[in-house]
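Trainee: what follows is a predicted protein model with its sequence.
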Amino acid sequence: MALALLLAWFLFFRGDGDETPYRTAAVDRGRITQSVSATGSLQPLVSVNVGSTVSGLVEEVLVDFNSQVRAGQILARLEPDTFEQRMQQLQASLNTARADYQVADSDYQRYLRLAEQGFVSDQLMAQQRAARARAAAAVQQASAQLETARVDFERSIIRSPIDGVVVDRQINPGQSVAASFQAPTLFVIAQDLSRLQANITVDEADIGQVREGLPVRFTVDAFPDEDFEGRVSQVRQQGVDTNGVVSYTVVVEADNPGRRLLPGMTANASIIIQETAEVARIPNSALRFQPPDEALQARARALMSPGQGRGGDGEAIAAERGGQSRAAGQPRGALAFAEGLDLTERQKQLARDAARNARQAGGDDGDRRAQMRRVRQAVLAALEPTLSETQRARLAALRGAAANGPRETPTRAAVIFVLRNNRPEPVRVELGAADDSYTELRGGDLRDGDQIITGGGPVDRARQQQQMRGGPMGGGVRIRGG
């Protein structure tokens, strides 16, 4: 036992100068997706709560859950006896009112003839006219009451207001429906389940990035391995304060293939803010790596100082293209905007000269966004006098698309470390869009075959020795003779 412990101690401490290998990764190509995560529930695009405005006992229910219904189809009936008796009573009242009116009208006509002969005073004639008017009003009142009873009878027959599917039924035969204060909900009908909407909740910190028309991917627990797609149809402006946390409701509309998605399911959604094509990218862990060597950290800080970039025409061209990486292969910025105009060779040269002059005139102020705006304005100012009518129309379309489309991620500088000759070396790079795992590489001083350090590095031997000599309980490794 003692010999085994001695051998383990020797093998561990004999290589004090060794270093734990660095974890590295190479630049690869792939998509970068910036997204906002949120959750919500699936709901029909249109759903109607079918209620009753009259009270009574449910005589029969003609539909059930998931029943397909058409507009006007009978869903349920209340017992009609009460409504029929009420109509009969009011019909009798109407008949009485009509008979009273006939008597009043007959009396009025008789007194009118007598008045023409001078046998009836004006006061008596006024009384007869009033009596006839009261009888006529009584007829109208009885007729209106009868019509109300007929409407109530019609309302005792519950009909579907739309074509759709019964997604909820809350009554059974024999149940009492009380509509004294408000109409109770008897059925819920969804108009069309081939499309659904998800009402998702987005935190106030993320809502500024969300706008109508953005694509959305979401999953549901019922089909965890399948992604469903939709689009943002509405961003509601009313915030909801829940225990001091403000959030906003975003409505997402999505197709429901095979009607497998059901109302009420929880949608785990990702709102796609920006998605790049195949671009050069590096792991985000490379941006977090910091070597313990103070000298390396000082060199990294020096690379981030103004004027310490690539310099010369190479940096100017990168600025003109909004930080385009040779590896990325995607034109950006002012020249990319101009390239959509189908320029002639002369116009292309004008654009390049204008971009270079604007870059040199602006100097290196460190504000790459302002620099890109200056370059774009200079390029367009140089090109506009030379544009044809077709090119002017394209320019107007490009400007409209730029105003309504997604905003381009600005280029920013950073320093990463690469492994060269088994030693870390700081390298300045130009970065673009980023997601949770990767960041777009738009430029930099990387060489072919460079391995980017993502973690690891020298091990603190003193700490390791302390851990070996003193365990969790403070005990050390004792070597005893046999």
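Mentor: Sure, I can see it.

Trainee: helices along the stretch 351-482 of the chain, start to end?
Mentor: All helices of the stretch 351-482 of the chain, identified by DSSP state H, counting those that start in this stretch, fall at 368-383, 389-404, 461-469.

Trainee: which of those has the lowest mean pLDDT?
Mentor: Looking at those, the lowest mean pLDDT belongs to helix 461-469 (a mean of 52).

Trainee: and the residue lying closest to E60 once chain neighbours are set aside, what element?
Mentor: The shortest distance from E60 to any non-neighbouring residue, by C-beta to C-beta, 6 or more residues apart in numbering, is to R77 (5.3 Å). (C-beta placed from N, C-alpha, C; glycine too.) Per DSSP states H and E: R77 is located in strand 74-78.

Trainee: that strand: which residues count as buried?
Mentor: For strand 74-78, the neighbour count (16 or more other C-beta atoms under 10 Å) marks 75-78 as buried.

Trainee: export those to CSV and tack on distance to Q209 and pLDDT?
Mentor: CSV is the format used below for those (distance: C-beta to C-beta, whole Å; pLDDT from 0 to 100):
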residue, distance to Q209, pLDDT
L75, 44, 96
A76, 48, 96
R77, 53, 95
L78, 52, 95
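
Trainee: and of those, the nearest to G444?
Mentor: Taking C-beta to C-beta as the measure, G444 lies nearest L75 of these, at 68.0 Å.

Trainee: surely the closest one and V63 touch.
Mentor: Yes: if you go by C-beta atoms under 8 Å, L75 and V63 touch, sitting 5.1 Å apart.

Trainee: what touches both of the two?
Mentor: 69, 166, 187 (C-beta atoms under 8 Å, 6 or more residues apart in numbering).

Trainee: ok, the second one - contacts?
Mentor: Counting by C-beta under 8 Å, 6+ apart, V166 touches 63-67, 69, 75, 187-189.

Trainee: then the last one?
Mentor: Contacts for F187 were tallied using C-beta under 8 Å, 6+ apart; they are 49-50, 63, 75-76, 158, 160, 166, 168-171.

Trainee: just the ones of those in strands?
Mentor: Among the contacts of F187, the members found in strands (DSSP state E) are 49-50, 75-76, 158, 166, 168-169.

Trainee: which other helices and strands contact the strand holding R77?
Mentor: Here strand 74-78 touches strand 56-61, strand 157-159, strand 185-190, going by 3 or more C-beta pairs under 8 Å, 6 or more residues apart in numbering; DSSP states H and E.

Trainee: alpha carbons of that strand, as CSV, please.
Mentor: C-alpha atoms of strand 74-78 as CSV (Å, rounded to 0.1, in the frame of the first residue of the first chain):
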residue,chain,number,x,y,z
ILE,A,74,-79.2,23.6,-33.4
LEU,A,75,-76.9,22.8,-30.5
ALA,A,76,-79.4,22.5,-27.6
ARG,A,77,-83.0,23.2,-26.7
LEU,A,78,-84.5,24.5,-23.5
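
Trainee: counting contacts, what elements does the following helix or strand past that strand pack onto?
Mentor: Next along the chain after strand 74-78, taking DSSP H and E as the criterion, comes helix 81-116. When contacts are defined as 3+ C-beta pairs under 8 Å, 6+ apart, helix 81-116 packs onto helix 122-155.

Trainee: and the helix it packs on, how far from the chain's centre?
Mentor: 60 Å (C-alpha atoms, centre = their mean, to the nearest Å).

Trainee: what comes up buried for that helix?
Mentor: 128, 131-132, 135-136, 138-139, 142-143, 145-146, 149, 152-153, 155.

Trainee: likewise stretch 170-185?
Mentor: For stretch 170-185, a neighbour-count test (16+ other C-beta under 10 Å) marks 171, 177, 184 as buried.

Trainee: near the residue lying closest to the first one once chain neighbours are set aside, how many residues? Count them for me, please.
Mentor: Nearest-residue entry for I171: L186, 4.9 Å, with adjacent residues in sequence omitted and distances by C-beta to C-beta, 6+ apart. Burial of L186, expressed as a neighbour count using other C-beta atoms under 10 Å, amounts to 20.

Trainee: how about the one 3 residues further on?
Mentor: Residues lying near I189 (other C-beta under 10 Å) number 25.

Trainee: wouldn't it be in contact with V69 here?
Mentor: Yes: under the criterion of C-beta under 8 Å, I189 makes contact with V69 at 6.5 Å.

Trainee: need the overlap of contacts for those two.
Mentor: Shared contacts of I189 and V69 (C-beta under 8 Å, 6+ apart): 160, 164-166.

Trainee: what's whichever strand or helix holds V216 in contact with?
Mentor: According to DSSP H and E, V216 maps onto strand 215-220. Here strand 215-220 makes contact (C-beta under 8 Å, 6+ apart) with 35, 42, 198, 226-232, 252, 254, 261, 265-272, 275.

Trainee: and the next helix or strand past it?
Mentor: Next in sequence after strand 215-220, counting helices and strands by DSSP H and E, comes strand 223-235.

Trainee: show me how far that following strand is from its chain's centre.
Mentor: In terms of C-alpha atoms, centre = their mean, the centre of strand 223-235 is set 9 Å apart from its chain centre.

Trainee: ok, that strand: who's next to it in the sheet?
Mentor: If you go by DSSP bridges, strand 223-235 pairs up with strand 215-220 (antiparallel), strand 245-255 (antiparallel).

Trainee: who are the packing partners of the next helix-or-strand element following the longest one?
Mentor: Counting by DSSP H and E, the next helix or strand C-terminal to strand 245-255 is strand 266-275. With contacts defined as 3+ C-beta pairs under 8 Å, 6+ apart, the secondary structure elements packing on strand 266-275 are strand 33-44, strand 195-203, strand 215-220, strand 245-255.
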